[in-house]
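Enquirer: Test case, fold it:
(one chain, ligands or ions: 1)
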Amino acid sequence: MLQVKNLSFSYNKTTILKNLNFKVKKGEHLSIIGESGSGKSTLLKVLYGEYDLDSGHILWDNTEILGPKFNLVVGYDFMKYVAQEFDLMPFITVEENIGKFLSNFYPEEKQQRTAELLEVVELTPFSKTKVKTLSGGQKQRVALARALAKQPEIILLDEPFSHIDNFKKQSLRRSLFKYLKTHHISCIVATHDKDDVLGYADRMLVLNDKQIEVNDIPEQLFKNPKTPLTASFFGEFNVINNRIVYAHQLKLVNKSNLKATVKHCYFKGHYYLIEADLNGDTVFFEHDGALKTGKEISLTMP
Ligand SMILES: Nc1ncnc2c1ncn2[C@@H]1O[C@H](COP(=O)(O)OP(=O)(O)OP(=O)(O)O)[C@@H](O)[C@H]1O
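Expert: Down below sits the predicted model:
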């Protein structure tokens, strides 16, 4: 289990993380979310031992994770970290990059393991391709496979699918997260994408103003977001009568006390997002058809 106790960290004199406390159990999947600049990447780097803490402790089971002041080489065998900038060897092939950290003593096992990992990241057809000729998304997948090569106990992923197109993202996400769960590998994923969280993460931690705003089960946070920041992660929302109401919860009805005027209509595929004026405030709701600008409407909320 990973235990983070009273962790504080600053770059020079600027505090980025203040007094964080949380745990990640074996095989558990934790998502870290927060606005750009809230310190998600910094937290992953600190957990990896890339920096020294101002104060606090990080423990993986009984091993204390320490920064460069105490370690000549950053990192531990049980933990892998895939940064946003993946640092691969460009002049060798995909399979050589993945196999780089596997023992040459057992060539058959090495080959099997490489083939298994290529499948997890859906790069089997590129096994003999030189990394320098790959696209950004393909390189990101090689970096993921390489981090898994030696079966870590915990993996830290910084926006793991940021370079991967939507077409591939869905299946890669399923394949990778399924692999981590089956092999009881704990993972901490910094992300901006709710699809990386819903359906996969056991817990979701929201970073705000250097601290943990909330750490809970994603379903709870989705159903009952306590703050606009949490709600905004899941989608378009409104604050009406001091309540957070998602756009999909606000419905058009024949008659109600919530009278609004349509301002704009956005085509969103299987629905339209309607922007309306409600007593001088802008509200958004989802509707299955387009509505004309200027139309007077009535709305209801749960
Ligand atoms: N090496 C560094 N030295 C000094 N300040 C840094 C360094 N790296 C990041 N910062 C600052 O720390 C803060 C947190 O940055 P960080 O990259 O951790 O945020 P983030 O939540 O991961 O953002 P994003 O979602 O945009 O990736 C930012 O204000 C950033 O400018």
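Enquirer: What are the boundaries of the strands in the stretch 151-300 of the chain?
Expert: Taking DSSP state E, counting those that start in this stretch as the test, the strands found in the stretch 151-300 of the chain are 154-158, 186-190, 203-208, 211-216, 237-240, 243-246, 251-253, 258-267, 272-278, 281-287, 296-300.
Enquirer: I'd like to know the predicted local confidence at the residue most central in space within the chain, please.
Expert: When CA atoms, centre = their mean is applied to the chain, the residue found nearest the centroid is residue 191 (2.5 Å). Residue 191 is assigned 96 on the pLDDT scale.
Enquirer: Quick check on it: phi, psi?
Expert: Here is the backbone geometry of residue 191 (degrees, to the nearest 10): phi -150, psi 160.
Enquirer: Surely it is in contact with residue 34?
Expert: No. Using CB atoms under 8 Å, residue 191 is not in contact with residue 34; the gap is 9.9 Å. To be clear about C-beta, it is placed using only N, CA and C from the backbone, and glycine gets the same treatment.
Enquirer: Give me every residue in the stretch 1-150 of the chain lying close to the ligand.
Expert: Contact residues (CB under 6 Å from any ligand atom) of the stretch 1-150 of the chain with the ligand: 11, 16, 34, 36, 37, 38, 39, 40, 41, 42.
Enquirer: In helices, which of those residues fall?
Expert: Cross-referencing those against helices under DSSP state H gives 40, 41, 42.
Enquirer: Adding neighbour count and pLDDT, write those residues out as TSV.
Expert: TSV is the format used below for these (neighbours: other CB atoms under 10 Å; pLDDT from 0 to 100):
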residue	neighbour count	pLDDT
40	23	97
41	18	96
42	19	97
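Enquirer: Determine the longest helix present in the chain.
Expert: Counting by DSSP H, the longest helix found in the chain is helix 166-182.
Enquirer: what's the average pLDDT for that helix?
Expert: Mean per-residue pLDDT for helix 166-182: 93.
Enquirer: what's the closest non-adjacent residue to the residue in the stretch 201-302 of the chain that the ligand sits nearest to?
Expert: Distances between the stretch 201-302 of the chain and the ligand by CB to the nearest ligand atom are smallest at residue 207, namely 6.9 Å. Once flanking residues are discounted, residue 207 sits nearest to residue 34: 3.4 Å by CB to CB, 6 or more residues apart in numbering.
Enquirer: just the strands of the stretch 151-300 of the chain: most buried one?
Expert: Each of those was scored by mean neighbour count; the highest is strand 186-190, a mean of 26, by mean count of other CB atoms under 10 Å.
Enquirer: Identify the residues contacting residue 250.
Expert: Contacts for residue 250 (CB atoms under 8 Å, 6 or more residues apart in numbering) come out as 238, 240, 283, 284, 285, 286, 299, 300, 301.
Enquirer: 7 Å instead?
Expert: 238, 283, 285, 299, 301 (CB atoms under 7 Å, 6 or more residues apart in numbering).
Enquirer: now residue 233
Expert: So residue 233 contacts 33, 194 (CB under 7 Å, 6+ apart).
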